[in-house]
Structure formats: C-alpha cells, structure tokens
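S.K.: Have a look; sequence and predicted model below, questions after that.
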Amino acid sequence: MKVGVDYYPEHWDVSLWEQDARQMQEAGITIVRLAEFAWSRLEPTEGKFEFDWLDQAIAVLARHGIDVVIGTPTATPPVWLTHNYPDVLPVDNKGNAIFAGVRLHRCYNSPSLRKFGERIIEQITQRYAAHAAVMGWQTDNELAANDCHCENCTRSFRGWLQKKYKSLETLNREWGTVVWSGEYSDWDQVNTPLGGSPYLNPSFLLDFRRFSSDVVADFNRFQAALIRKNSPGKFVTHNLWGYPVTADYYDMFDSMDFASVDYYPATDFLDDSKSRMYHGALTLDLTRGVKRKNFWVMEQLSGTPGCWYPMSRTPFPGMIRAYAWQSVSRGADTIVQFRWRSARVGAEQFWHGLLDHHGQPGRRFEEFVQFSQEAQKLTPLLEGTSLKHDVAMLFSHEQLNAFQIQPQADGFDYLGNFKRLHSALLKMGVGADVIDWRERLQGYKLVIAPMLYLIDEAMALTLKQYVDNGGTLVLTTRSGVKNMNNVCLPDRLPNLLTELAGVYVDEYDPVGKDVQTLSLDTGEALSSGQWCDILTPVTAETVATYSSEYFSGASAITRNAHAKGVVYYIGTVLDEKATRTLMRRIATDAGIECELELPDGVEVAVRSSEERQILFVLNLSKESREVSLPVRDYVSALSDRRLRGGSINLAPGAVEVLVEVNATAASVA
Amino acid sequence: MKVGVDYYPEHWDVSLWEQDARQMQEAGITIVRLAEFAWSRLEPTEGKFEFDWLDQAIAVLARHGIDVVIGTPTATPPVWLTHNYPDVLPVDNKGNAIFAGVRLHRCYNSPSLRKFGERIIEQITQRYAAHAAVMGWQTDNELAANDCHCENCTRSFRGWLQKKYKSLETLNREWGTVVWSGEYSDWDQVNTPLGGSPYLNPSFLLDFRRFSSDVVADFNRFQAALIRKNSPGKFVTHNLWGYPVTADYYDMFDSMDFASVDYYPATDFLDDSKSRMYHGALTLDLTRGVKRKNFWVMEQLSGTPGCWYPMSRTPFPGMIRAYAWQSVSRGADTIVQFRWRSARVGAEQFWHGLLDHHGQPGRRFEEFVQFSQEAQKLTPLLEGTSLKHDVAMLFSHEQLNAFQIQPQADGFDYLGNFKRLHSALLKMGVGADVIDWRERLQGYKLVIAPMLYLIDEAMALTLKQYVDNGGTLVLTTRSGVKNMNNVCLPDRLPNLLTELAGVYVDEYDPVGKDVQTLSLDTGEALSSGQWCDILTPVTAETVATYSSEYFSGASAITRNAHAKGVVYYIGTVLDEKATRTLMRRIATDAGIECELELPDGVEVAVRSSEERQILFVLNLSKESREVSLPVRDYVSALSDRRLRGGSINLAPGAVEVLVEVNATAASVA
Amino acid sequence: MKVGVDYYPEHWDVSLWEQDARQMQEAGITIVRLAEFAWSRLEPTEGKFEFDWLDQAIAVLARHGIDVVIGTPTATPPVWLTHNYPDVLPVDNKGNAIFAGVRLHRCYNSPSLRKFGERIIEQITQRYAAHAAVMGWQTDNELAANDCHCENCTRSFRGWLQKKYKSLETLNREWGTVVWSGEYSDWDQVNTPLGGSPYLNPSFLLDFRRFSSDVVADFNRFQAALIRKNSPGKFVTHNLWGYPVTADYYDMFDSMDFASVDYYPATDFLDDSKSRMYHGALTLDLTRGVKRKNFWVMEQLSGTPGCWYPMSRTPFPGMIRAYAWQSVSRGADTIVQFRWRSARVGAEQFWHGLLDHHGQPGRRFEEFVQFSQEAQKLTPLLEGTSLKHDVAMLFSHEQLNAFQIQPQADGFDYLGNFKRLHSALLKMGVGADVIDWRERLQGYKLVIAPMLYLIDEAMALTLKQYVDNGGTLVLTTRSGVKNMNNVCLPDRLPNLLTELAGVYVDEYDPVGKDVQTLSLDTGEALSSGQWCDILTPVTAETVATYSSEYFSGASAITRNAHAKGVVYYIGTVLDEKATRTLMRRIATDAGIECELELPDGVEVAVRSSEERQILFVLNLSKESREVSLPVRDYVSALSDRRLRGGSINLAPGAVEVLVEVNATAASVA
C-alpha cells in the first residue's frame, strides 16, 4: 500500500517546492505523479528541451523519500506544435478544426503528433529511465476516442477497412450498403461518417467507432513500446477515465502493466442518488477487471470538482477518507490523491486538491492524513491480498457502442441496466468481477452476461462450454440480436443462444416508460419496463410470467437446466427492487452465499490471500446505518478493537476493516 | 380494393424470392412496390446499367399473380454520383455540404442530379413501360423541401424572384426591405437566407419557402413528364409523408394521377394521446383532399417503427388490421403494407415489417392476412364508393409556413389548432373534406376556414360568394392579418373579411398559456387560450363573451347573417371541450346531422356510391368502448351478422363495416 | 420633462407624414427620434447620398413643433456595404461569417465599417448640425459586444494584449498558461478563443471579453468625436439595452453626455413573476447610475413586444402610463415611446407601437395621451429634481463576465443575486443608487458591494477608506476570490478584505439547490442556497449561524465594527424572504429610514430638489394593493386632491405623485 499525490511543480514558484515536499513527507506520501501536462515547459519551442526544472523537482521530492511516476505529456500538445503543424488538431464531421479546450486537442493519426510525440517521449525516458526515484511511467492522460475526420484519419480508416474486409464487395455485403443505394464502387468513396447524421448505416458507424478505439489503443502501444525500450524494468500504466466510453479499455490496456483509474465519485447525494451512489463501486470493479488484478487509483477525489461548470458539493466530512478506503477495498494498492494544491491559475482552478488556494491544511487535508496513517498501519495486513469472487459480470464496449448507435427503447441504456444488476449483487454483499466479455469464464459459479446484443459463434461456444461444465449463466433481453457487423441475425431470438437458453422470443414490445408487472412463480409481484420479450419456453421452465397488458400470462423469465449447468433468461428490464429479488434467488440457486441485506450506501468487500481474509464495511451515505453482519469474532484492523458481528451501527463515512479473530490471530496480534 | 406490400428483393438472396412470392400470393397480395431505393443496383457505376435482377424479381412476382409499382430511385443518389458530382449534395446555410443520412441527400436544382436522374428514369421507364405486370409508377419517395443554399439554388432563387417581382424596386417595396437598411441595389446582392437567422425579413423567408416548395413540385413534374412520355397509360403517383411540411402538397401533386400516403399512426397511446390519437384521421382526410378523390396507402404500418431513435410500442393486438381498415374507411382503395420482411441490414433494421428478422409468420402477419381476406371479401361492396361530405375544412401550407416563421403566441400552432377543430367534428361523427384553401367551395353546407392569416382579394371573394349563396362559414382569430407577401394589411382586423364577418377586432392579447374563460349565450362556460381578440360586432350578433381579465364582457365569438348565409368568427383559441361544444352548435345551425357523441378513440366514416352507404365504426383505443349508433337494421359486411344499432360494444381494435339492411339487401345477400 | 416617439418616416408613404405630425402634436409630442436604421435610404448605393427625404421629414415635424434626435445609422450596414466589403461581417469562432439577422451584422474592427461609417456620419452631422429642430444625436443603437474572430479582431486583440502585458512572458505568467501546456512562444500564436470551448483558460476568456467590450466603447467614442466635431453644442447619447451584458456600460458611456435606455418591462405577470417584476426598477436604477444623473428613456414600451418569437401579453390596462411614470420616478427626464406606428413590413411587425397596423387610436394610445398630458402638467414641479440616496449598490460588468465564464454553483447567478438584494431594499421603500463599483463612495451611509469576486488593492483600499470614515459596508460570499486577471488569490478568503471584514472563510461548500437553514441571533430562522462559507470570525461578531448539515453551528453572517464604520459579511446566498429580513436589520443599523413594507408590485421613489420632495407611489401589479404610507398631509400633483397618508388603496396601474403640503405649499398652490 502506497499513498501519493498528483503534483504540478511547474505551476508553483520553485521556492515552494521544498516546503511542499516536506509537508508531503510528513503526511506519509511516498509517491508523486507529475509532468503529464508539462510539454510546453519541457520543450518550450520546437526542439529546445529544458529538463533542469524537472531534475530539480524530482531531486527535491527524492530528498524527502518520495518517488515519482512521470506522465508522458502528449495529452496537451503545446501551442507551438499546433500552430506550426495544424495536422495535429482533430477535424470535426463538418470539416472544421477542433481547437484546444479541455486538453486532448490532437489527432492520434497526425504524423506531426507521432513525430514530435515520439521525440519528447524519447527525451524524457532516456533522461529519467535510470533515475532511482522514478518508479514508473504513465502514458498520456485519460485517453479517449476521437471523432476525427481529417485526411489522415480518412486514409487510415480506409486502410483499417481494407485489412478487415479485404475487398469492397465484402464490405458492401457485410454492411448491407445496398440499402438506400449506399454501395461503394471505389475505395476512394469510403469516408468517415461526414456530416454526423445518426441515420447512417449502423454497421458503418460501429466500424468507425471500432477504428477510433483501435487508434487509441495503438497510440498507447506506441508510447508503451518507446518507454519500455528506454526504461526497461519500470512499469507502464495509464490512468483511465472512470466512465466507460467508445474506446475499448481492454484493448487500450493490452500494452500496460496494470490499470490505473481516476476516481471521482459524485459528491452530491441528491436526485439520481442511488444510481450515482453505486456507480463508484462499478467503476472500481471495472478497473480491477481490466487486467484482472489489483490496480492503482492515479487520481483520487480530494475536494469538490468543478471548473467551467458549476462546482458540486464539497465532500461530506469523512468522505475523502472513506472513498480512499473504498478504492482499497475493491483492489487498489496505491492511492494517489488529485491533487496536492488547488490550482490558482488555468481552467481547473476549482477542481479542488487536498490544499485550498491558500495552502493551509484544513478538514479535507486532515482526513487524508488520517487515511495515510491508517494505510501505513495496514500495509502489512493488505500485502498480497486481492479480491476473489464466484461471480463474474461480462462487460463489453462493443455492446455499449452498438446500443448508443441504435437505442432500443425509451429509457433503454446499456450502462444503466448493467449497473442495476451490479448493484443488486452489491446490496446483498456479493462481490463480483467485472470482466471483458471475451475473457475465459472458468472458476465462476455464476456468470451474468447482460444484453449480448452483438454475438458470434465463438462467444456462444464460450458460454455453452461454461454451462456444460456446471456454471450458472444469466442472459437478458436483447441478446443474440446481431452479428458482429451490426447486422440482424436470421433466426428467432436469442438466435445463437436459443438452444442454451431453452427458450425463444415469440414477439417483443419496446414498452419504454410504460411500467409492466410480472408474477414470480412464488406469487411475488415484480415491475419492469423498457422492453418485453414474450417468451416461448422449449426446454426451459418459466420463472415469472407477465401479468399486464396483452401479453399477460406469457413467460417473461425462464430457467433452463442444460448439461451440468443452468441458464436464466430475463426477457424484460426489471426495476431495482425486482432485480434484487431475482438476483438473490439466482445467486442462491447457484450456491452463492448471499446472506447480507445492506442498507442504501453501505458496501462490503473482501480482500484475501491464502493466509487471511479482510472484510471491509463502509458507510458511504450521509446518514447513520444499521448493518447486520454474520455473528463472528472480528478484530478491527484500524482500531484494534474486538467486534462480535451481528447488528452494528455505522456513522456516516464509517470504515471498518475487520479480520476474523481465529483466522488472523497471528498477523493482527 | 387491392392489397400489397413494399418489397426489397435486392436486400435478400435471390434464393428467397420464389418463397416470398408464394407466401405473398397465399396472403392475398396482388401488388408489390419496389426499386425506389435501388439506384446503386440499377446503375452500379456511372453509365453501367444492370436490370437483370429486376427483370427476374418482377418475373417471379408476376408468376404469382403480383403486379408491381416501380419507384424511381432518385431519393437515394448512389455514392459514385455524389462522389463524382458534388453539386448533387445540398448545402446548408453556413455553406457546408449536407452529407447523406436518412436519404434525400440531393439538391433538386443540381444539374448533375437532373442529368443523371433523367438518364436512370429514362432507362427504367423505357425498359418496363410495356411490361404487363407493371401497373404504374411512383416518383421518388416522400419528397420534402430542402433548405439548400448552393450556387444553383441561389441562382435559381434569384430567377424565381425576378419572375415574380420583375424589378428589384418592386421586390424592395413588397418585402419592405427599407426596414433595417435591407434594400437591395443589385440582383447579385440577393442571396438565400444565409446564416439561417430567424430574425430575417419574414417576406423574404416566406418567399424562400415558396421557392423551395416550387422546386420540389417542379422536380416531381419533371419526373412525371419523363414517365408519361415513355409509359403512356400507366398511372403516376407519389407517396407523401403524412405530416404537412414546407412543401405544398397540392402543388406537388398537380402532376400526379392520384395521391398516395405513407401512414404510420402513433403506436403509443400515452401522454399526448388525444392529439396523436386523432392525427391519423386528419392525415387520411388531408390525403384524400389532395386530389379530392380516393387514394392509396403506399406504406401502411406493419410493426413498431424505430431505427436510429428508440423504437415505439409494438402495435397492440388488432391494430395492424384496424389501421388498415381505418385507411379504407377514409378513402384508401389500395393498402400497401410497409414492408414484407424487416430489414436485417442498414439504418432501418428496426422499422419492422410484417415479418420479423427471422421470417416466420407471427401475430402481426396473421392480422394482416385477416385484413387481406376481409378486403377481398368486401371488394365488390366497396367498388365505386367514396366519401361525400357536407363539411369542408380549408388547409393551407401558406399559413403553415407563415406561422412557423412568426409564431403568434406561446402555444399557438397552426396544425394543432386545425387538428382540434377537425377532431371536434370527428367526435360527433361528422365527416369533413380537408381541402386546399384555394379550392372551389360549392356544395358544402359548412366551410371551416381556420386562421386565414395571409389573404388576398380573390380569397376574400371566394368566401363571400360561398356565403352569398347560403353557405355557413367559420372564421377564426388571426385571419386577414397579412397580404400574400407576408406584410400586415392596413385596416382593422380581419381586414378583407371584416364586412363578411360583421365584426372587427378592437384590440388583441396574445394570452399564451394564461387560460381565459368565456360565457356562451346559453350560459355555458368555455375555456380558451393562446390568443384573444376583443371584438366589436357591427352587423354580427355575439355568441360568446369573455368572462375573465380586463376584457371580461367583450365579445369573443360572433355570428353574422350575411346574404343567404352565415359567418361565425371565433376570436380566441378554444380548448378541446369548448371546441366540441361550439362546433356542435355551428354544425346544427348549418343543418348538419350530428347526433353521435363518440368516446375517445372511436371513429366512424361513411363510404357511399349511388347504390349504397357503408358505415365504418372503428375502436382505435386500447379499451373497450360503448358506442350509441342510430337505431336501424344493419348487416355487418364482415361477419354477415345482423345488428340493430343502439348501444353497441366495441372491443379494442374492433372494426364494424355496416350496411343498412333495406338499402343494400341485394348486394349483401 | 419632454415626451416623444420613435418614428420611421421612411417606412411610410410621404403622404402620411403630415397627418402623423399633426396627430403627434395633438398628443403633446415634442421629440422624435429617427433615422437610426436608414442607412440604405441615406446612401442607397456606395457614395450616392440622398437626404431630401430626411430634410422633408424633419421639416414636417418641425412645422408641428417637434424637434428631432438623429441616430447614426451604423447598426444596420446596408446590403451593398456587406456585399462589396465582406470584412464588415463578423466571423464566428468556427470561422464562418455571421450574416445579417436582427441587425448588428458588423465587426467594430472592420476597416470598411470604420471608413464608410465615418463617411455617413460626417455627411449627416455636417448636414444637420445647424438645423434648429435637431436637438442632439444618438449613436448607433443598443450597442453590444461582438464575439468576433475575424482577422482584424485577431490582430487587434494581439495589440490590446501587447499594450496590457508588454511581453509574452508577462502574459504567460499572468494567465497561468503553463497549465495544460498553453504557453505562447510567439505573439503570432495568440488567437481569439477559436472553437469557443468553455474549457479555455479563464484569464484568456476574461481578457477577450474585456477586449470585446473596449472595442465597443472605442466605436462609440469614435462616433461621438465625429459628431462633436461637426455639431458642437448639441448632445450625444446612446440608447443602452436594459439588460447588462458583456460590454461595460460605464466605459461605453464615457463619451456620452447622458445615458438613455430602451425600457421594455415584462408584460407577463406569471411564472418568474417577482424576479421579473422588479427587474424594471433595477434597469432604471442602473441606467441612472451610468452617468450618476438623470437620463432619457429612448424607447419606452407601447404594446406587446414580439416578432420572430411568440408575442407576450398586451400591456394590461393602465400599464403603458404606469411604466412611463415609473421611468420618470427613477430619474427619466424624457420619455420617448417606441414606436409611433406598428411596422407593417419587416421583422418587427409585431413589436407593437402606440398605433396598431390600422393606424387608428386605441386604448394604448389613449393611455399614452393621458401620460403626455400629465407629464406636461408636472413639468414645472419636476424641473431640477433628481434622486438622492443614502444607499449605493456596486455593480460590475467585470464580475458579471467572470461569473459567466466560471459559474460557481448550481443556481449561482450574479445578476439574479444582485437583483435579490436590490429588490429587498425596494420592498422596504429604500432607494438606492446602482453605480459602477469603481466609483467614489463618499456620502453614502450604506454601501452594498455584492460578490466582489475579482479584486485588487485599489478596490480594497477604497472600501477600507469608506468604512474608516464611518460607512456601513455589506460584503457577500465569493468576494476576494481572484485578482483582476482571473487568478485565485493566495490567502484565505476573502483575502484582501479579510481584515476589513474581521472574518475569514474556513471552508466552503457549493450547496447549489440544497436548501440550508440559518439561525439569526434573534432566533429567527432564515433559508439560503447556492453557496455556504463556513466562517471563522476574528474581530467580527456572529449575526447568524448555520443550523443545517455538517456545518451546523458555524458562523454564516458576521458584523465587524471597524474604525468608525461597520462591515457585514454574508457568507451564503439568502433567499428572498431572508434577504429582506437581513437587509432591514442592516439598513436600520446604518441609520437608514426603512419604515415601509410594500406589497408585491408596489414601488415608491422620491425625486427632490432643494425646494421640494416628490413621492411617487406606483402599483405595477394586476391586483389592487393596500399600502401604508407615513401619516402626513400630501397633495396629489396629478389630481390635486389632498391625501392624509396612512393606509391607502391603489388600483392596478395606479400612479400617485405626492407632495407634502407644508413643504411644497408654494409650488403646488
């Protein structure tokens, strides 16, 4: 366990550095990430490099026992670069240059970006590779896919398509360009989606998103290769943005040693509170799943975010610490707080750091210090621990993109529906791995594979093998709709999954916001919306039937015993309560222990190693909460107090790190 | 009565065609519309034509007794055309090319579009003119006005203005360009409305809309002439989009033999339900009025629409059939369902056809088959029948456009206000013709002429002559405001109509969403909004006075006996209930039979010939409805059962086609 | 007191002019403003001038005793100018020309605009300078800042920056361009904010707004100098738009003799009624503060506004007159109604004048005539009177711009928060001067300085000296946050004001829409939102503490006795009721008489000279209101009736102009 901060020495007078470093050291900080936006300081004009200031900054930090992670500065091309080489700027779908704003004003396919990007990375990595205080490297910053239509992207997109489809005939056939006379007769006719109409061919739009995603992954690979060449033996990571987007995070991280995430949970508890309340846990689970191992938080919330838009609420007392522990509980091994000092200049002046503009320690800083000290205390305990789960949820940027191109019904939202399933598990204390949908599934008792809208034979086979071997699989509506080229499959839904599910979709109704009711076979009533499949079970048995509208009495949810395993098919989008009811039943059926029933905002997680199990219990709400834990003898690793389990009270922001007494007597003693 | 489908053989493997044709034949289909989006298949590269596939498709269909309507493929210029001849693409008001999206990516004034459009139309018409299975032709698809600012449009617009105004002096005077120094001193200074500001001169904006409308009508005329030259004796029609828009449908159809419409009633019964519920009937009445005779539905709802936007509800059981019968009840002689198979590729994948992606017949298909069989049964009965009404409503694209340019008050909406008057008639079972406001009015007992905002002496004379001859005329607020150049008239409102109405507007208040109350001379209270004219009757008598605000006590609605006729002036925008109350009184006054009071969603219509009268009664709602019919002896033409009238119960989606027993004993026997 | 109208002779046939002038004369009109949009009539083609029509129009008016104010016509460059010299058109941040719409289609930095603008102004001023009927001049019309990115603006902006910062090093340092590698290494790299991203450097964005504001002020100065050169001895004014915007009105008017305003109070009493209800009074107070003396209304509401957007309500009976008297009550010495006749042509057809399109006098005209006659009667009484107040509110376009660039919290709005404080004073009958925040403060008992977000040493010193000398100062949250370059200051908030306020901000929370409660030291409960400073009083005493959330018990409002004066610091944004409660207490504390408690919509104002005091009491609401006035002996200057004070009833639109009997016996007698 290490604790650090993001620090921008170039924003502050050199006279402050020593004081900052000393104060960091006192606060238990041993890591600083820096330099990721400093291109204009490292290369003030074309080809003129200035590293003295960075040498000095690293030296000051190192003198205080602080190691550094250096970020390559490519996320912010300097003004001289975009001015002298305009091909660096992306071009929008009307042909206008996209000028600088909140960073990222660069086309990944720009030859100038590649050329000058390579040079600055070479310079930095060669200079600091051997430096004892340099732990490793961060590539760029929060990489995101562009929607760029410049000449280089157009040419590159054509090449990408040629590689994928070989011939224009194949492309025309696979995309179905015959519709509306969209057939290409020459490769030169193939452009990016100019004009940006949402009515364009969905196969074309999806491939352009894949291309845009591949371009990002390639840019990250290009950086990783340069770094590894010059700085062998040091790690390379990237700080992903917590909210899934066009760019496929699994591809983007294939060249990284481990994942990092920038974690800014919502500080506002109002309105859409439950959905936002549980978004954080999903973010962290997603991040852990990217490389299927522990990760770093490279930017951790330290104050109210906000700059060009209105500021959110200041984190409630205790939350700076609680969110940091939440990150740890879900697999973070290093917490780097964003940022040391709040910026006095520039667009992020109000994205608050640990220290306010006046630089005096305050409440938030003290909370961080408490966390830092606690982290230091628990480091031996956490050493070698990670999260091990019987449940996996399959996440897919492919589906996310396809559903954004063709939203299915009013209110239908891939990420929202995914989150509802995830938080149902969370509320019953069941940990889950959130992994790439293409991953191997061995070892899981329960796999939840929501909305497998795009599918191919390989995926269907993976799922079949998993069930054949005794696994329990949960499928949902809008599965098996299309092939991977975004073209509807020719059989009854769920098509390639029909046999496995033992059920087919007779008819469907995109009910949108019209609420429907279902009746579980226990007689319990459930509610759903968005979409209703009217099911015809073949080998499956019915778990729930509709009790509303013209499809009243038809099967809505089924269970199919298949080989050694079981497949559930949920033919509608259950609301929050109904999702919890059903998931508890399915989990129990799959032999998952799910004895907990956690109140809103309370989360648990277990980190374990062969030697020990560590139970984290967190109250991330603003109110006190009563939680019923299994009655066992625990010792709190933070307070060293004994705890018997049963009903315990958690103050707002409370963090309990519990170890069963017998199991860990040695290590806690 | 004929029944057909829209079919895209080019989207499907040739091996399926035979099976499709056989299944169509079994379903009673005798018409297929095809080829309207197939330009890239008919001319894959410039000047290379391929008709073999179409020959074969038509042959397969013909072998199964199916005739075809061929669409000219100009709605979807192929990629080679827009790539090689960029003038085909329209240009927006900022000067950017408008790229392909949902079709229509072509400027009607593009010389290349005309040249290559002419060639493909010549090729198709020459090849298929003599084919026995070719019934007739559809031009293009859902023609709409462009907002194009390309060089060709600019030049053409100048020519259009020169023809209209002759001199720049006249144009300056008529448009009032003196305001804000907008005077032109040279024709070269006259552009299309670049920049798109809504603050531009309203006379200029209206003329540009007229020009854009004329351009569409001209393009349709150009196609019709080519078709007639090569294919004499076969019909030419066009499928209009059901919702009125900038382009004047009456002009657009002057070159057509009859009107067709693409009919997609809302499948969602919620929210804005009543307004949407009755939109369908207005669409069909409007279509019938375009050529004042029976029409075709060229695309009839067959499943949930949706593609790039979220899908709507699947049509409720019975509605596929009910909407088809609704079309027939309002004058459709042919119903062509859109579409046979749901597309597996392209942007319209989720605009569902009769068959789902898997191609197996389901509920919706069976409903269609029922309709098809019923239609076959009733064909002899319907032969030669049409709709004959005592009431006409005057519709005007001129007013629609003028009100879009200058909305009068918060909530004021030409089409919405028109629809409220139309559905008031509908609810009391009174059929109305919806016709071009410039049509002759002889033979109608009641003419409703809402919101004649733009007016000229000729129109005023037409109305006067109609009233002189004993007609009853209904005028509303915002009449007589402007001359045809969108310039305010110089006398008191309603200006040219003041003498006829026997009342003038003393003052007005755009009350917007502030609800006002009125008191009818019977003492009944009415509600209104949007606009209040404070009236001073001259020769008219007061029918209702305001009872709210500072104009309480002033006349709001008047009735003027003029020559042999009567003129009502409604000085405010009544709400739904009040509109029904007033329209019942006016209709009764005009000697119109209006004994029915239909519940929400129930519609009636009468088709008749000299020999017979056929009463259609439809329940287009989701609930059962009780309807009180005149007590007579009917026989149901569908079930052959006898029915006595009086209170009858209609299930959701119920369709009754009733013939009075005495009158039709012979034909029904 | 003079009364006039805006008149466009060029819009009407010359045959109407004589009749119009006669009717004006009869209505008591002695002033006409004209010609401000007539460039295309004055110079129909380049270099060809036509003044005969204007000579004639002025002559006709003069014959009826009407003097004219001539507007320079630069707000509407004619078509030949923009066509021949495209540099006249502004360019948006994507590089597209901004075409004509609602006027102002000109870049102030365009050499062609300057050249041809200078020529037309020279022509007009030379021709009419000596004309006896020409009273004075209006420059342009409702000048507003552009967001222009043309080459001339880019070059000019660079020059502006060079003048301000001298070196690029200074600019880089002051703007903090080091953030995100935004450092400039060459002046040629400095552009306007291309792309328009709100995420750009806030120092850059603020300077661009200042530049844009300076450009407007310079354009006005350029016009004023030309006019004064040719027409010495005649006044020069400008008609400002009532709602504060980017352009700094204080700078814009430095070259003017007095301020004028275009006054269009909202005619709609619904919805956001209270905020809009009191916006008018603030507009008039702001206008009076621009030159700290009486002003003109150059356009006064005469009917419903509206043209391209839906029309608003017609002014309620009495309101045309009441709003005119409201203007007078707050310092207007001349009322010019907009406009004589409603336009029959062009984009402003529905922006109604005194006469409707038909030209016959109606209710609104008669109300105006009443006002005109009353104004004539009261002219001797009002002669030499003005408004003298003990309270000043400091308004700042700098803060307005800075807060628009970086909104602080959900709902935080500079103008709205300012208005809440202003209307709290209004409701207790306390008049206030609204003045430039840089003005001298001598003579005021109470100065309210809200949200001094940007600050410098000079401003802090001004405030300190004011308090040192015994003044009472009110500061609010978000004060002392930044230096004038939009960079956060380095000490605890309120930074430069901390000592003066005797309190510092320990922590803050942008609570947005989460309502908070406070407890006044009297025990009274208050509500607030948007922002909460958690205060630590040093020398100040606590006036109110928070009673909600985690900061319950902390100081929220403080009072600091400093030297001879007092400083209040309000650390949160109080709601309407709480603002009134606190402001009454503060005003009382400062020795301000605030005995009134006015119902909604009632306003009072006092104009006075050494000889007399004139009390205006207005009911601007739609309902009758009961008002409690001090019990004194008044005489009504309008009706000549005696009035004893105490509780009086005001009908909707009522206007009372009262003079105390003793004080003014002589003049009223």
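M.R.: On my side now, so go ahead. Small disclaimer: the values here were computed from a predicted structure and weren't measured.
S.K.: Contacts only, for the residue of chain A found nearest chain B.
M.R.: Closest residue of chain A to chain B, CB to the nearest CB: A:Gly176 (2.2 Å). For the C-beta atoms, the positions are set from N, CA and C on the backbone; glycine is no exception. A:Gly176 is in contact with A:201, A:203, A:487, B:11, B:343-346, counting by CB atoms under 8 Å, 6 or more residues apart in numbering or on different chains.
S.K.: Domains in chain A, by residue range?
M.R.: Domain assignment for chain A, taken from automatic domain parsing, gives A:2-143+A:211-382, A:391-589, A:602-668.
S.K.: Dump the ones you listed into JSON lines; add mean neighbour count as well.
M.R.: Shown next, in JSON lines, are the domains of chain A (neighbours: other CB atoms under 10 Å in any protein chain shown):
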{"stretch": "domain A:2-143+A:211-382", "mean neighbour count": "21"}
{"stretch": "domain A:391-589", "mean neighbour count": "21"}
{"stretch": "domain A:602-668", "mean neighbour count": "17"}
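S.K.: Can you name the helix or strand that A:Gly280 falls in?
M.R.: Element membership for A:Gly280 (DSSP states H and E) is helix A:279-290.
S.K.: Then A:Gly346 would be within a strand, right?
M.R.: No. Counting by DSSP: H, G, I helix; E, B strand; the rest coil, one finds A:Gly346 to be coil, located in no strand.
S.K.: re the thing from before, for chain C, state which of the contacts of A:Gly176 is nearest.
M.R.: For those, the residue nearest chain C by CB to the nearest CB is A:Asn201; the value is 27.4 Å.
S.K.: and A:Thr536, which of the three is it?
M.R.: The local conformation at A:Thr536, judged by three-state DSSP, is strand.
S.K.: Run through the bridge partners of it.
M.R.: A:Thr536 forms beta bridges with A:Tyr504, as assigned by DSSP bridges.
S.K.: so it makes contact with A:Asp506?
M.R.: Yes. Between A:Thr536 and A:Asp506 there is a contact under CB atoms under 8 Å: 4.7 Å.
S.K.: Report the contact partners of the residue of the stretch 101-250 of chain A found nearest chain C.
M.R.: Proximity of the stretch 101-250 of chain A to chain C (CB to the nearest CB) peaks at A:Gly101, 2.7 Å away. Counting by CB under 8 Å, 6+ apart, A:Gly101 touches C:195, C:197-200.
S.K.: Where do the strands of the stretch 451-600 of chain A begin and end?
M.R.: For the stretch 451-600 of chain A, the strands defined by DSSP state E, counting those that start in this stretch cover A:472-476, A:503-520, A:525-537, A:541-546, A:555-562, A:565-570, A:572-574.
S.K.: which helices and strands sit right next to the second one?
M.R.: Counting contacts by 3 or more CB pairs under 8 Å, 6 or more residues apart in numbering or on different chains; DSSP states H and E, the secondary-structure elements packed against strand A:503-520 are strand A:525-537, strand A:541-546, strand A:555-562, strand A:572-574, helix A:576-589.
S.K.: can you redo these as JSON lines with distance to A:Ser647?
M.R.: What follows is the helices and strands packed on strand A:503-520, written out as JSON lines (distance: least, CB to CB, whole Å):
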{"stretch": "strand A:525-537", "distance to A:Ser647": "29"}
{"stretch": "strand A:541-546", "distance to A:Ser647": "33"}
{"stretch": "strand A:555-562", "distance to A:Ser647": "33"}
{"stretch": "strand A:572-574", "distance to A:Ser647": "29"}
{"stretch": "helix A:576-589", "distance to A:Ser647": "20"}
